[in-house]
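[1] structure of the sequence below:
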Amino acid sequence: MPDTGQSFRFAPTPQEIEILALEALSRLPEPFRSYLSNVVMLVEDFADADILKEMEIDDPFGLTGLYSGRPFGQEAQTGDLPPTVHLFRRPLLDEWVETGVPLEALITHVVVHEIGHHFGLSDIDMHVLEDMVAP
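    Numbering: from 1, shown residues only. Below is the predicted model:
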């Protein structure tokens with residue numbers, strides 16, 4: 001796989017998107033990284049209809065990522081699923097093509113934003129963290 005998101009000859013597979021997302025996670029500073037071992041990363045083509053309806057999003061291309069689960073520090077309850085970062089491949093690819101932003105940078109942005117929800121970070125804190133892990 002190429003070392004830059006701009007070098008893909010074909011649309012990246014879900015596995016290639018996941019690799020870029022995991023690379024973004026690996027660039028997070030401590031102590032963030034040490035608290036992410038239980039966070040699941042899922043790459044799906046689109047958010048399902050129920051999620052879009054719940055979030056009042058009409059266009060399935062309007063959602064590139066989503067955090068689900070209990071934020072860090074909240075006690076787990078019986079029946080809880082693990083905290084999960086969902087990346088939606090098709091909307092990410094559309095934004096990549098439309099904006100010209102390198103795919104690696106776009107995925108890093110979305111991953112940091114969703115991980116920010118896990119930690120309860122403000123938008124300003126998420127931007128600072130994103131600057132720290134920029135590819």
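[2] low-confidence stretches in the chain?
    Within the chain, the set of residues satisfying pLDDT under 70 comprises 1-9.
[3] give me the nearest residue to Asp94, chain neighbours excluded.
    Setting aside the residues directly before and after it, Asp94 is nearest to Phe61 in space (Cβ to Cβ, 6 or more residues apart in numbering), at 5.4 Å. Using the backbone N, CA and C atoms, a C-beta is placed for each residue, glycine as well.
[4] now swap in Asp123 and tell me
    Spatially, and ignoring its direct neighbours in sequence, Asp123 is nearest to Gly116 (8.0 Å; Cβ to Cβ, 6+ apart).
[5] quick one, what contacts that neighbour?
    123, 125-126, 129 (Cβ atoms under 8 Å, 6 or more residues apart in numbering).
[6] the residues you listed, buried ones only, as a ChimeraX selection?
    Selection of the buried residues among the contacts of Gly116 in ChimeraX, burial being defined by 16 or more other Cβ atoms under 10 Å:
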select :126,129
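[7] and the contacts of Gly116, which two are furthest apart?
    In terms of Cβ to Cβ, these reach their longest pairwise distance at Asp123 and Leu129, which sit 10.7 Å apart.
[8] need the three-state assignment for the residue sitting nearest the centre point of the chain.
    The C-alpha lying nearest the average C-alpha coordinate of the chain belongs to Val111 (Cα atoms, centre = their mean; 3.0 Å). Assigned state for Val111: helix (three-state reduction, DSSP: H, G, I helix; E, B strand; the rest coil).
[9] what distance do you get for the spatially closest residue to it that is not a sequence neighbour to Val112?
    Spatially, and ignoring its direct neighbours in sequence, Val111 is nearest to Ala24 (4.4 Å; Cβ to Cβ, 6+ apart). The spacing between Ala24 and Val112, counted by Cβ to Cβ, to the nearest Å, is 7 Å.
[10] what does Ile124 give?
    Taking Cβ to Cβ as the measure, Ile124 and Val112 are separated by 13 Å.
[11] who's more crowded, those two?
    Summary of the neighbour comparison: Ile124 and Val112, criterion other Cβ atoms under 10 Å, with Val112 having more neighbours (26 against 8).
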